[in-house]
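>>> Structure for this input, please:
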Amino acid sequence: MELHLDAVETRVLASLLEKDITTPEYYPLTLNALLAACNQKSNREPVMELDEEAVRRALYSLEEKGLAGVARVEGRVARFEHRMGEALNLGRRECALLCTLLLRGPQTPGELRGRSERMHRLEDLDEVQLVLQKLIDHDPPLVKLLPRQPGTKEARYVDLFGGHAVGVSGQLSDASVDNASAFSGANAAPASGEERVLTLEAQIAQLRAEFEVLRQQFAEFRSQFES
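Here you go, the predicted model:
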């Protein structure tokens, strides 16, 4: 299982995880709902403006890495889910903190406690530290402690999925923001050959899912005349 993700894959995975916890009645997500979750303005740093094709590419890549995929197909609409539980065997507390890190980058324990409360309430900073240490000790490690910045009282933690570009000083670099904006529908550069292949493969996977639904419907229709 490969954990290294780019900024778009990180946003897609974290959005799936967040909505699974906060709005289970609407989960798994359709592609349109996932796109809206990725681009929402609240609880996101940085705010992104992804297009549908970028999300499709990220979903395909996450499926290859065993972290997300198609949950089911309803009619002609596919719904998508994360596979963090299967892949990493995390509890509710760990998922809440990790999701907050994935969505908002490096944060202090105090920031993590406040921002993750909507997903899971942690009693105090001691519990936050305990959960963070579990994520650090996880195999493979999922979180690390950043060097404390000059003039700051609290150290910050960052996830190890690679979607945030963090320098040796612990500063979140502009590279992660640039990486995100590179996938914006408004600013997208011409796709490379590899990106076009990924897009085509994602579209093929969607067509296969739709074909499977049609095949099942035809089999049910035919069985009515054979019984």
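
>>> wait, doesn't residue 61 sit right on residue 9?
Yes - applying CB atoms under 8 Å, one finds residue 61 in contact with residue 9, separated by 5.7 Å. (C-beta placed from N, C-alpha, C; glycine too.)

>>> These two: which has the busier surroundings?
Of the pair residue 61 and residue 9, residue 9 is the one with more neighbours under other CB atoms under 10 Å, namely 25 against 21.

>>> what kind of secondary structure is the nearest residue to that one once chain neighbours are set aside in?
Closest residue to residue 9 apart from its sequence neighbours, by CB to CB, 6 or more residues apart in numbering: residue 58 at 4.6 Å. Here residue 58 is recorded as helix under DSSP: H, G, I helix; E, B strand; the rest coil.

>>> change the start of the numbering to 3 and stick with it
Sure, I'll start numbering at 3, so the last one becomes residue 60.

>>> give the contact list for residue 134.
Residue 134 is in contact with 99, 111, 114, 145, 147, 159, counting by CB atoms under 8 Å, 6 or more residues apart in numbering.

>>> By mean pLDDT, point me to the weakest helix or strand of the protein.
Within the chain, no helix or strand scores below helix 176-183, which has a mean of 44 by mean pLDDT, DSSP states H and E.

>>> which stretches of this protein have low pLDDT?
3-4, 166-229 (pLDDT under 70).

>>> quick one, strands of it?
Per DSSP state E, the chain carries strands over the ranges 31-32, 70-76, 79-84, 145-147, 159-161.

>>> most neighbours per residue, which of those?
Comparing the strands of the chain by mean neighbour count (mean count of other CB atoms under 10 Å), strand 159-161 ranks first with a mean of 23.

>>> From the contact counts, what lies against it?
Packing contacts for strand 159-161, counted by 3 or more CB pairs under 8 Å, 6 or more residues apart in numbering; DSSP states H and E, involve helix 94-106, strand 145-147.

>>> could I get the ones you listed as CSV with distance to residue 118?
Converted to CSV, the helices and strands packed on strand 159-161 look like this (distance: least, CB to CB, whole Å):
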stretch, distance to residue 118
helix 94-106, 4
strand 145-147, 13
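
>>> Out of those, which is closest to residue 76?
helix 94-106 (25.4 Å; CB to CB).

>>> and the closest one, which residues are buried?
Residues of helix 94-106 classed as buried by neighbour count (16 or more other CB atoms under 10 Å): 95-106.

>>> Domain ranges for the protein, per the record?
Domain assignment for the chain, taken from automatic domain parsing, gives 3-91+200-229, 92-175.

>>> What is the distance between the last one and the centre of its chain?
To tie it back to what came earlier, the one meant is domain 92-175. Centroid separation for domain 92-175 versus its chain: 16 Å, with CA atoms, centre = their mean, to the nearest Å.

>>> count of neighbours near residue 93?
Applying other CB under 10 Å, I find that residue 93 has 11 neighbouring residues.

>>> still on that earlier bit, would JSON lines of the strands of the chain with distance to residue 129 be doable?
Output for the strands of the chain, formatted as JSON lines (distance: least, CB to CB, whole Å):
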{"stretch": "strand 31-32", "distance to residue 129": "30"}
{"stretch": "strand 70-76", "distance to residue 129": "28"}
{"stretch": "strand 79-84", "distance to residue 129": "24"}
{"stretch": "strand 145-147", "distance to residue 129": "15"}
{"stretch": "strand 159-161", "distance to residue 129": "14"}
